[in-house]
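>>> whatever this is, show me its structure:
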Amino acid sequence: MKRSNQYFKLVRKYLFFVSKVINIKNIKIYMFALIFPFFLTACTNKDAVEINDREYLFAVGIDTSEKNSDKYTFSAEVPVVNTGSENKRYVMIHDSENLTSFYYDNIFTTEKIASDSMIQVIIIGEDVLKNQDSVKTLFDEIERSPQINRRVKLVVAKTKALDIINFEIKDNPLIGRYISEFLIKLKTLSLQTTFSFDEVALNMKDYGNTLIPCVEVIEGRLAINGAAVIKNYQLIDYINHTENSVLSVLTKGGISGMTRVNTQLDNIPITVNIENAVISRKIDLKTDKLSAKYYATVICNISSYDMTKVNSSDIDFLERLSNQINEEISNYTDKLIYKMQSDFQMDLLQIREYLIKYKKADYEKIKDKYDELFKNADINIEYKVKINNSGMVR
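This is a model prediction of the structure:
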């Protein structure tokens, strides 16, 4: 900001000077006025650091230190610039008390200055999330950082964050970029509900819980599978990608992430794609009772079956298939609701958010005992499955 103010002061003085020159018609001064702007491009901030003297972090991993319980093990992916390839990188690792100390400690190990202004993703190790105080401190530091974008992606490593940072991907070696693009795709498909630090932090402040996408190595491949369930800044459990998709459909509606259902009817294997879902809900709140009813119309297409054994255009067959898929999705959803109310004791359906927006006066009366009301709430999801066509091209 200081540098910008100095620049604009010089520009104003220059324009005033030129106006005087034009009036007095002094050719020497006039020539000087034309040349002077070229000197304004010089850097006036003596503390500025050239791009080649910085290490721009693309991904940062955070684990608890195995050597010192009072420190974290920070690992950072740093792209190598000016090498003719944008895919080269190296990983720096250091034990420090916090992110700020990590940057400062790095001064003594390299001639360059670490910069977090281009971080794509922050990976938090599972062990860090078991300590409530550590998570609070970490979130507060990220939020206060003047450089880290609050839209930075946030993921949880089921093992060590360092394992994810060190993982080599042949076709896309920059882990930060790979995970960032992967998360954007999954959210577009409704396979993830939240992925940015901004979303996670707001959920924690407003509702006391949130979901953070999980990343792990499965069969030699990096996968983002499901989400970590966080309550009061502490890891409670995990949900898989199908459960996450159900939540996404019930809270956001629209295109479903639960894109495929594999089932059998008359001993015939059938695969059905879920193309869309339309959701409506009715939520009632009384002093001592909470009830929520969801109505979900699910639009499907048959994508795979043995056409030699059944005519997929048969009305009776389609009706029985719709009923079966309806039952399977309903059973799966009922199990998820049970986990939310009994195991997690967390409102992941965003019922509280609905009450705050549309029934705030009623919510204010019971907000101190909302968790107990949700635990005993009467929640019903009524699905209506429609098979739109009997094949992707019919």
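
>>> now do the contacts for residue 64.
72-73, 125, 127-128, 131, 134 (Cβ atoms under 8 Å, 6 or more residues apart in numbering). Quick note: C-beta positions are derived from backbone N, CA and C, even for glycine.

>>> for those residues, which one is nearest residue 385?
Lowest distance from residue 385 to these (Cβ to Cβ) belongs to residue 125, with 40.5 Å.

>>> ok, that closest one - how many residues close by?
Neighbour count for residue 125, taken as other Cβ atoms under 10 Å: 23.

>>> thinking again about what came up before, who wins on neighbours among the contacts of residue 64?
Sorting those by how many neighbours each has (other Cβ under 10 Å) puts residue 72 first, at 26 neighbours.

>>> got the contact list for that residue?
Applying Cβ under 8 Å, 6+ apart, the residues contacting residue 72 are 62-65, 95-98, 102, 128, 134.

>>> check it and give its pLDDT.
The model reports residue 72 with a pLDDT of 93.

>>> surely residue 99 and residue 74 touch.
Yes - if you go by Cβ atoms under 8 Å, residue 99 and residue 74 touch, sitting 7.2 Å apart.

>>> mutual contacts of those two, please.
residue 60.

>>> between those two, which one's more packed in?
Remark: of residue 99 and residue 74, residue 74 carries more neighbours, 26 against 21, as counted by other Cβ under 10 Å.

>>> am I right that residue 370 is in a strand?
No - Residue 370: not assigned to a strand; according to DSSP: H, G, I helix; E, B strand; the rest coil it is helix.

>>> that one against residue 352, yeah?
Yes - with contact defined as Cβ under 8 Å, residue 370 counts as touching residue 352 (6.1 Å).

>>> what is in contact with these two at once?
Joint contacts of residue 370 and residue 352 (Cβ under 8 Å, 6+ apart) are residue 363.

>>> and stretch 70-90, how far apart are its ends?
With Cα to Cα, to the nearest Å as the measure, stretch 70-90 spans 26 Å from end to end.

>>> any stretches of the chain with poor pLDDT?
1-55, 81-87, 105-117, 190, 253-259, 306-313, 389-394 (pLDDT under 70).

>>> need the longest strand for it.
strand 268-285 (DSSP state E).

>>> please state the offset of the helix or strand just after that one from the chain centre?
Remark: after strand 268-285, the chain's next helix or strand is strand 290-304, criterion DSSP states H and E. Computed by Cα atoms, centre = their mean, to the nearest Å, the chain-centroid distance of strand 290-304 equals 25 Å.

>>> farthest-apart pair in the contacts of residue 64, please.
73 and 131 (14.0 Å).

>>> coming back round to it: so which of the contacts of residue 64 are in helices?
Applying DSSP state H to the contacts of residue 64, the entries found in helices are residue 134.

>>> among the contacts of residue 64, which ones are in strands?
Going by DSSP E, the strands hold 72-73, 125 from the contacts of residue 64.

>>> who's in contact with the closest residue to residue 233 other than its chain neighbours?
Counting by Cβ to Cβ, 6 or more residues apart in numbering, residue 233 lies nearest to residue 135, which is 4.2 Å off, once chain neighbours are set aside. Counting by Cβ under 8 Å, 6+ apart, residue 135 touches 124, 128-129, 230, 233-234.

>>> let's see it at 10 Å
124, 128-129, 204, 230, 232-235 (Cβ atoms under 10 Å, 6 or more residues apart in numbering).

>>> which one of those residues is nearest to residue 288?
Nearest member of those to residue 288, counting by Cβ to Cβ, is residue 232, at 24.6 Å.

>>> ok, that closest one to residue 262 distance?
Separation of residue 232 from residue 262 (Cβ to Cβ, to the nearest Å): 37 Å.

>>> excluding chain neighbours, what is closest to the residue most central in space within the chain?
Closest residue to the average C-alpha location of the chain: residue 195 at 0.8 Å, with Cα atoms, centre = their mean. Leaving aside its sequence neighbours, residue 195 sits nearest to residue 183 (Cβ to Cβ, 6+ apart; 4.4 Å).

>>> ranking the contacts of residue 135 by neighbours, who comes first?
Busiest of the contacts of residue 135 [other Cβ under 10 Å] is residue 124, holding 25 neighbours.

>>> what about the strands in the stretch 201-350 of the chain?
209-218, 221-231, 234-239, 260-265, 268-285, 290-304 (DSSP state E, counting those that start in this stretch).

>>> okay, angle between the helix or strand hosting residue 179 and strand 221-231 too, please.
Using DSSP H and E, residue 179 sits within helix 175-188. Relative orientation of helix 175-188 and strand 221-231, computed by axes from the mean of the first three to the mean of the last three Cα atoms, to 10 degrees: 70 degrees.

>>> okay, angle between helix 175-188 and strand 209-218 too, please.
On the basis of the same axes, to 10 degrees, helix 175-188 is oriented at 120 degrees to strand 209-218.

>>> check which residues of helix 175-188 are buried.
175-180, 182-183, 186-187 (16 or more other Cβ atoms under 10 Å).

>>> kindly report the same for stretch 347-354.
So stretch 347-354, judged by 16+ other Cβ under 10 Å, has buried residues 347-352, 354.

>>> show me the helices in this protein, by range?
Shown for the chain, the helices assigned by DSSP H span residues 2-24, 27-35, 99-106, 132-144, 161-166, 175-188, 197-207, 241-252, 315-338, 351-358, 360-366, 370-375.

>>> to residue 295, which of those helices lies closest?
When these are compared by Cβ to Cβ, helix 241-252 sits nearest residue 295, at 10.6 Å.

>>> got the angle for the closest one vs strand 290-304?
120 degrees.

>>> export helix 241-252 to CSV, keeping only CA atoms.
The C-alpha atoms that make up helix 241-252 are tabulated as CSV, following Å, rounded to 0.1, in the frame of the first residue of the first chain:
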residue,chain,number,x,y,z
HIS,A,241,-18.7,-40.8,-0.7
THR,A,242,-22.2,-42.3,-1.0
GLU,A,243,-23.3,-41.0,2.3
ASN,A,244,-21.8,-37.6,1.4
SER,A,245,-23.8,-37.7,-1.9
VAL,A,246,-27.0,-38.4,0.0
LEU,A,247,-26.4,-35.4,2.2
SER,A,248,-25.6,-33.3,-0.8
VAL,A,249,-28.9,-34.3,-2.5
LEU,A,250,-31.0,-33.7,0.6
THR,A,251,-29.4,-30.3,1.4
LYS,A,252,-28.8,-28.9,-2.0
